[in-house]
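Student: Let's see this in three dimensions:
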Amino acid sequence: MNISFQFSDKITIDWVSKYLSDLVFPDLSGQKPRINTLFCGVLAVYNRKPIALILANATPADRLFRIHSFYVQPDFREKGIGSHLLERLEKEVKRKGTRKTEVFFRENWKSAKVLNKILRKQGWAKPMPHSIMLRGEISAVWKIIKRHETCNNAASFVPFSHLKKIDIVYIQKRQKNGLWSDPALDPFVLPDSILADCSFLVKRGGEPGAWIVVHQLQKELIEITALFVDSSFRQFGIAYELIRRAFSQLEKSAYSRFVVTSRLDGNAVSRLLVRNLKNEGFKGTVSYYTSKELGSGF
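Tutor: Numbers count the residues shown, from 1 in each chain. Below you'll find the predicted structure:
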């Protein structure tokens, strides 16, 4: 079978969505605001027809590439095409100085077992549970969360609609200096879609130290995108109170459904999700993470 493999490092989500949407999995069209960078990718072509595609881009971490999409058309599977795509991508990004590649995939994907097999064959680390994503009705989760006692301490909970400039600058300065939270928990990403009345900042002694951020995804769907509590705030039950206040506001809003993703590291969100995963109306999915060290690109 005469299959050609073509590499490019100037691929955009718009271009892929327009010309190769049937070769993208999972769907990236809704991720444009968050993945606003060029992709590297390898396209497999047979008889001038695209049949498979892998896409990756550089993460904020230096010399690290993350695979976002990996798909082979059904009629061309089990022919080694997936392995060739991955091998070519690794080779090309290594030339760019990349030292490590990584990928996340969900346990409920039909392709999960095959993907795992390809990755292990190519020398990737054993996939490990990384995070849990929960979808459900806001009213259902509110019935659970409202049972938790309200924390009684000297903390003040400020809606984002009432944030002061001095607090925003303080947080941005600490984030910029790398002295605070993971960049993924930045409270000011995509500010235009933040639900300001449902997102809260916590202050103790006049200084910010915790927040929860809620974004609108669709007309009736929201996503909890960030929950951060500084170590000096964690003994006061603030994480649970942030969750409770956010859902209290959401329950009164026009939004009916939510999605939240949390690392399986024992934090407040993870404990809450895992504990209530089997409740009626909730759909939980575990994501796995694996990576491969490529060594020096030179």
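
Student: List the beta-bridge partners for Tyr289.
Tutor: Phe104, Met128 (DSSP bridges).

Student: That one and Leu119 touch, don't they?
Tutor: No: if you go by Cβ atoms under 8 Å, Tyr289 and Leu119 don't touch, sitting 11.0 Å apart. C-beta coordinates here come from the backbone N, C-alpha and C atoms, glycine included.

Student: overlap in contacts of the two?
Tutor: 103, 127 (Cβ atoms under 8 Å, 6 or more residues apart in numbering).

Student: Looking at the two, which is more packed in?
Tutor: Counted by other Cβ atoms under 10 Å, Tyr289 and Leu119 do not tie: Leu119 has more neighbours, with 25 against 15.

Student: residue ranges of the strands in the stretch 1-150 of the chain, please?
Tutor: 3-11, 39-46, 49-58, 64-72, 100-106, 128-137 (DSSP state E, counting those that start in this stretch).

Student: which other residues reach the first one?
Tutor: Under the contact criterion Cβ under 8 Å, 6+ apart, strand 3-11 has outside partners 38-46, 51, 55, 81, 84-85, 88-89, 92, 96.

Student: give me that answer again for 6 Å
Tutor: 38-46, 88, 92 (Cβ atoms under 6 Å, 6 or more residues apart in numbering).

Student: Who wins on neighbours among those residues?
Tutor: Result: Gly41 is most packed of the contacts of strand 3-11 (other Cβ under 10 Å), 26 neighbours.

Student: circling back to that earlier point, next, format the strands of the stretch 1-150 of the chain as a markdown table and append mean pLDDT.
Tutor: Converted to a markdown table, the strands of the stretch 1-150 of the chain look like this (pLDDT from 0 to 100):
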| stretch | mean pLDDT |
| --- | --- |
| strand 3-11 | 96 |
| strand 39-46 | 96 |
| strand 49-58 | 95 |
| strand 64-72 | 93 |
| strand 100-106 | 93 |
| strand 128-137 | 88 |
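
Student: can I get those strands in JSON lines with distance to Gln172?
Tutor: Below are the strands of the stretch 1-150 of the chain laid out as JSON lines (distance: least, Cβ to Cβ, whole Å):
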{"stretch": "strand 3-11", "distance to Gln172": "31"}
{"stretch": "strand 39-46", "distance to Gln172": "28"}
{"stretch": "strand 49-58", "distance to Gln172": "23"}
{"stretch": "strand 64-72", "distance to Gln172": "24"}
{"stretch": "strand 100-106", "distance to Gln172": "27"}
{"stretch": "strand 128-137", "distance to Gln172": "26"}
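
Student: for those strands, which one sits closest to Phe236?
Tutor: Nearest of the strands of the stretch 1-150 of the chain to Phe236, taken as Cβ to Cβ: strand 128-137 at 24.8 Å.
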